[in-house]
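Student: sequence and predicted structure, then a few things I'm wondering about:
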Amino acid sequence: MNIKTTLKKLSEADGPSGREEAVAGLVAELLEPLCDDVRIDDMSNVIGVKRGWGPEPRPQVMLMAHLDEIQMMVSTLDGPFLRFVQLSYDPRVLVGQEVTVFGRRKLHGVIGDRPPHLMKAADRQRMPKTTDLVIDLGLDAETVAELVQVGDVALVESPFSELLDERVAGKAFDNRLSVTAMLATLDQLQRLQHPCDVLAVASVGEEFNGLGAKTATFQLQPDIAIVLDVTFGKQPGAQDAGSFALGSGPVIGVGPNLDGQLTDKLIEVCKDLEIPYELEPLAANTGTDAWTVQVMLGGIRTALVGIAIRNMHSPVEVTDLQDVSRTARLLSAFLAEADQSLVDGLAHHLPDFEEERR
C-alpha cells in the first residue's frame with residue numbers, strides 16, 4: 001500500500017460531520033481487499049473485519065479512527081452572500097479561502113471580509129470574527145436563494161501538497177491520517193498471522209459528539225480497543241510538553257481515561273522493535289473517541305495512539321509520513337501477539353482469599 005497516495009485520496013475527499021457518505025464509500029473501497037467483511041452501518045460508520053487464525057471464539061480487538069472533518073454551516077442568506085457559523089475551523093485562516101457549499105448542488109465560492117482600508121484601526125488589529133465573514137458564490141441573490149438554504153454545509157477546499165522528504169500538507173489530516181495508519185496496519189497484517197479478530201472502524205461524528213464511536217462500539221462489543229487520532233506537532237508557539245516533533249514516531253497517550261496495562265503493552269512493543277515513540281500525558285478528557293469508547297457497555301479497555309500534525313484544524317495540516325509507517329508497524333506487531341492470554345492478562349483478578357486465610 002502506498003501511504004502517500006492513500007492519504008491524498010482521503011484528504012481530498014469530502015466528509016463533514018453528519019455528511020460522511022462520500023468519504024465512507026471511499027474508505028469501504030480501500031478496506032475491501034484488506035478485510036474478510038466490510039460494511040457501512042446506518043450511521044455511516046465503516047466497519048471492516050479481518051478474522052484471525054485459530055478456533056473461535058477469538059479475542060475481538062477494535063481499531064478506531066474517525067473519518068469526519070470540521071465544517072462550516074450556513075446560518076443566514078444575506079442577499080447574494082452567505083453568513084455562516086464555523087464548527088471548529090480556526091477563524092484566523094478563513095479569509096480568502098476557497099470553499100465548496102453543499103446546496104442543491106455543489107457550489108464553488110470564496111470567503112471574504114471587508115477591505116482593510118474600510119476597517120477601523122482597532123478591527124485591523126484583532127482576529128477576524130466569523131460574524132464579519134461571508135461566503136461569496138458569485139451569484140445573484142435570487143439564484144442563491146434557489147440553490148442554498150440555512151443548514152447547508154460548507155468545506156474549505158485545499159489540495160494535498162508534497163513538501164520536502166516525507167512531509168506533506170493538506171486538509172482533514174484530522175483524522176484521515178489515522179484512517180490511513182489503520183489501513184496501513186491491515187495491509188501489514190496480510191503478511192502476518194494474528195490470533196485475534198481485528199475490527200477496523202472508521203467512525204463518524206467525532207468532531208460533533210462522538211456518535212459513531214458510541215454506536216459502533218455498542219454493535220461490535222470488542223474485548224479491547226485502540227483509538228487512533230492526531231495530536232499537536234511542535235511549531236512556533238507550540239513547544240511545550242503537550243506537543244511533539246514530527247517524525248518522532250507514534251504518540252502513546254497516558255492518563256486515567258486510558259487503560260494502563262494496555263498502554264504498557266504498546267510501549268513494550270515499541271521498545272522490543274526499536275520503534276521511536278513519545279508519551280502524551282492526558283490528565284482528563286482526551287478530546288478523542290477514546291473518551292467515549294472506554295465507558296461503553298460495561299467498560300472497554302482502551303488505549304490511544306496519536307500522530308503529530310502541525311496547524312491542527314486548518315486547511316494546511318502538516319505531518320511526516322514516517323509516523324504513519326511506524327504507527328502501522330506498532331499496531332500490526334501488537335495484533336500479531338493479541339491472543340486470549342494477553343486479553344485475560346489485562347483483567348483485574350481478585351486475590352485468593354482462601355489461600356490468604358491458610
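Tutor: Looks like it arrived, so ask away. Residues are numbered from 1 along each chain as shown.
Student: quick check: pLDDT value at the closest residue to residue 89 other than its chain neighbours.
Tutor: Residue nearest to residue 89 in three dimensions, not counting chain neighbours: residue 70, with 5.5 Å by C-beta to C-beta, 6 or more residues apart in numbering. Where you see a C-beta, it was placed from the backbone N, CA and C, and this is true even at glycine. Residue 70 carries a pLDDT score of 93 in this model.
Student: residue 70 against residue 207, yeah?
Tutor: Yes: in this structure, residue 70 is within contact of residue 207 by C-beta atoms under 8 Å, at 5.5 Å.
Student: more neighbours, the two?
Tutor: Neighbours per residue (other C-beta atoms under 10 Å) separate residue 70 from residue 207, with residue 70 holding more: 22 against 19.
Student: mutual contacts of residue 70 and residue 207, please.
Tutor: Common contact partners of residue 70 and residue 207 (C-beta atoms under 8 Å, 6 or more residues apart in numbering): 17, 87, 88.
Student: just the helices in this structure please.
Tutor: Assigned by DSSP state H, the chain shows helices spanning 3-12, 21-31, 121-125, 141-147, 173-189, 211-220, 260-273, 289-293, 321-337, 340-345, 353-357.
Student: just send those helices back as JSON lines, with distance to residue 279 too.
Tutor: Below are the helices of the chain laid out as JSON lines (distance: least, C-beta to C-beta, whole Å):
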{"stretch": "helix 3-12", "distance to residue 279": "24"}
{"stretch": "helix 21-31", "distance to residue 279": "29"}
{"stretch": "helix 121-125", "distance to residue 279": "40"}
{"stretch": "helix 141-147", "distance to residue 279": "50"}
{"stretch": "helix 173-189", "distance to residue 279": "18"}
{"stretch": "helix 211-220", "distance to residue 279": "23"}
{"stretch": "helix 260-273", "distance to residue 279": "8"}
{"stretch": "helix 289-293", "distance to residue 279": "15"}
{"stretch": "helix 321-337", "distance to residue 279": "13"}
{"stretch": "helix 340-345", "distance to residue 279": "21"}
{"stretch": "helix 353-357", "distance to residue 279": "36"}
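Student: among those, which is nearest residue 311?
Tutor: helix 173-189 (9.1 Å; C-beta to C-beta).
Student: so where's the protein shaky on pLDDT?
Tutor: Across the chain, residues meeting the criterion (pLDDT under 70) sit at 117-118, 124-125, 348-358.
Student: domain assignment for it?
Tutor: 3-69+171-345, 71-156 (automatic domain parsing).
Student: could you dump the ones you listed to TSV with distance to residue 164?
Tutor: Listed next are these as TSV, based on distance: least, C-beta to C-beta, whole Å:
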stretch	distance to residue 164
domain 3-69+171-345	10
domain 71-156	22
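Student: just these: most buried one?
Tutor: Counting by mean count of other C-beta atoms under 10 Å, domain 3-69+171-345 has the highest mean neighbour count of the domains of the chain, with a mean of 20.
Student: between the two ends of it, how far is it?
Tutor: Distance across domain 3-69+171-345, first residue to last, is 34 Å (C-alpha to C-alpha, to the nearest Å).
Student: same question for stretch 278-290.
Tutor: 18 Å.
Student: how far does it sit from its chain's centre?
Tutor: 14 Å (C-alpha atoms, centre = their mean, to the nearest Å).
Student: other residues contacting it?
Tutor: 64, 66, 203, 206, 210, 212-213, 225, 227, 229, 231, 241-242, 244-245, 248-258, 267, 291, 302-304, 306, 308.
Student: hey, what's the spatially closest residue to residue 241 that is not a sequence neighbour bridged with?
Tutor: Leaving aside its sequence neighbours, residue 241 sits nearest to residue 281 (C-beta to C-beta, 6+ apart; 7.0 Å). As for beta bridges, residue 281 partners with residue 254 under DSSP bridges.
Student: how much space between the nearest residue to residue 273 once chain neighbours are set aside and residue 222?
Tutor: Distances taken as C-beta to C-beta, 6+ apart put residue 333 closest to residue 273, at 5.8 Å, once the chain neighbours are dropped. For residue 333, the distance to residue 222 (C-beta to C-beta, to the nearest Å) stands at 19 Å.
Student: apart from its chain neighbours, what residue comes closest to the spatially most central residue of the chain?
Tutor: Compute the mean C-alpha point of the chain, and by C-alpha atoms, centre = their mean the closest residue is residue 175, 2.5 Å away. Distance criterion C-beta to C-beta, 6+ apart; nearest residue to residue 175, sequence neighbours excluded, is residue 66 at 4.8 Å.
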